[in-house]
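> Got a sequence here, can you model it:
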Amino acid sequence: MFRLICLALLSLAGSAFARRHIVSGSHAKECDFPHIAFVLISKATGTFACGGSLIDSTHVVTAAHCVDSGVEGVDVFFGSLDKQQMPHRISASSFTRHRHYDGDNKITVLNDVAVLTLSKPIPFSRCLKPIKLAKPGDRFVGNCHIAGWGKTGQHGSSSVKLLHATVPVLTEKQCSRYAGGLEAQHICAGQLTKNGKTTCQGDSGGPLMCYRASDNQLVLAGIVSYGWTCTEGLSVFARVSHFNNWINSNV
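Below you'll find the predicted structure:
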């Protein structure tokens, strides 16, 4: 069993988190993922980056471990594939972390979901608009999509341009080769080959996007939660359909 690592990217040298982003991905095209957000979290000890998903004009869904303690400020960036040239920067006026979030479990991470409330509405456009949440009972067809600005591998650097990859959802049996303590609140995805397509550190809180069987619409199916060394070809996500009611009650 590999050491469990939440997939946030710390800017501090010597952090307890290994620095890790989309592995074996390719550059996204303009407007491919109009809901994706780059989230910058400030603490007394430094800053670090996560991903997020716009779900309406004033709310972004991300991982609870991105805002777990000591947060002094959160800025959310939208509207570009280049994280250094974002046209929209909006601070979060508040955030709500799941009250039962547990990131200290040595086997798994539980309730890894949070909602950021923006200080002002984001203006929608063709390339900037929200994504719908997966609902309880939703089934998915085909492969799913992951995207982020994290690292490209265990020893890779973080990406300035948004990267994406297409990955299959994995069964619990496939995922349990690496992950213990899996529950209904988890969903696993990745290529499941050495250095195969998966998320890596810096992608925390970002989206797993899947096609809903009922209408073939791309919906937010998962939130990047944790992985291991970025070489296993899979990561574990918080299952959005499981947290749909919680998210909707906190927006």
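
> Which of the three states applies to residue 75?
strand (DSSP: H, G, I helix; E, B strand; the rest coil).

> For the protein, which element, helix or strand, carries the lowest mean pLDDT?
Averaged element by element with mean pLDDT, DSSP states H and E, the chain has its least confident helix or strand at strand 9-10 (a mean of 42).

> From residue 229, how far out is the residue lying closest to residue 232 once chain neighbours are set aside?
Excluding the flanking residues, the one nearest residue 232 by C-beta to C-beta, 6 or more residues apart in numbering is residue 178, at 5.5 Å. Using the backbone N, CA and C atoms, a C-beta is placed for each residue, glycine as well. Applying C-beta to C-beta, to the nearest Å, the value for residue 178 to residue 229 is 10 Å.

> residue boundaries of the strands in the stretch 51-200 of the chain?
59-62, 71-78, 88-97, 114-118, 140-148, 163-167, 169-170, 186-189 (DSSP state E, counting those that start in this stretch).

> ok, the most centrally placed residue in the chain - contacts?
Central residue of the chain (C-alpha atoms, centre = their mean): residue 206, 2.1 Å from the mean position. Residue 206 is in contact with 36, 50-53, 62, 146-148, 150, 199, 223-224, counting by C-beta atoms under 8 Å, 6 or more residues apart in numbering.

> distance between the helix or strand where residue 226 lies and the chain's centre?
Using DSSP states H and E, residue 226 sits within strand 218-227. What separates the centre of strand 218-227 from the centre of its chain is 6 Å, taken as C-alpha atoms, centre = their mean, to the nearest Å.

> Next one: the closest residue to residue 32 other than its chain neighbours, what pLDDT does it get?
Nearest residue to residue 32, sequence neighbours excluded (C-beta to C-beta, 6+ apart): residue 164, at 6.7 Å. The score at residue 164 is 91. That number is its pLDDT.

> what do you get for residue 242?
pLDDT, residue 242: 98.

> The nearest residue to it once chain neighbours are set aside: neighbouring residues, count only.
Closest residue to residue 242 apart from its sequence neighbours, by C-beta to C-beta, 6+ apart: residue 185 at 4.5 Å. Counted with other C-beta atoms under 10 Å, the neighbours of residue 185 add up to 20.

> now do residue 74
The burial count for residue 74: 26, using other C-beta under 10 Å.

> for residue 70, same thing?
For residue 70, using other C-beta under 10 Å, the count is 10.

> measure it to residue 158 for me?
Applying C-beta to C-beta to residue 70 and residue 158 gives a distance of 22 Å.

> now do residue 236
According to C-beta to C-beta, residue 236 and residue 158 sit 21 Å apart.

> So for those two, which residue has more residues nearby?
More crowded of residue 236 and residue 158, by other C-beta under 10 Å: residue 236, with 29 against 21.

> Distance from the helix or strand hosting the more buried one to the middle of the chain?
Taking DSSP H and E as the criterion, residue 236 maps to strand 235-239. Chain-centre distance of strand 235-239: 9 Å, with C-alpha atoms, centre = their mean.

> next SSE after that strand?
Taking DSSP H and E, what comes next after strand 235-239 is helix 240-248.

> got the buried residues for that following helix?
By neighbour count on 16 or more other C-beta atoms under 10 Å, the buried set for helix 240-248 is 240-244, 246-247.
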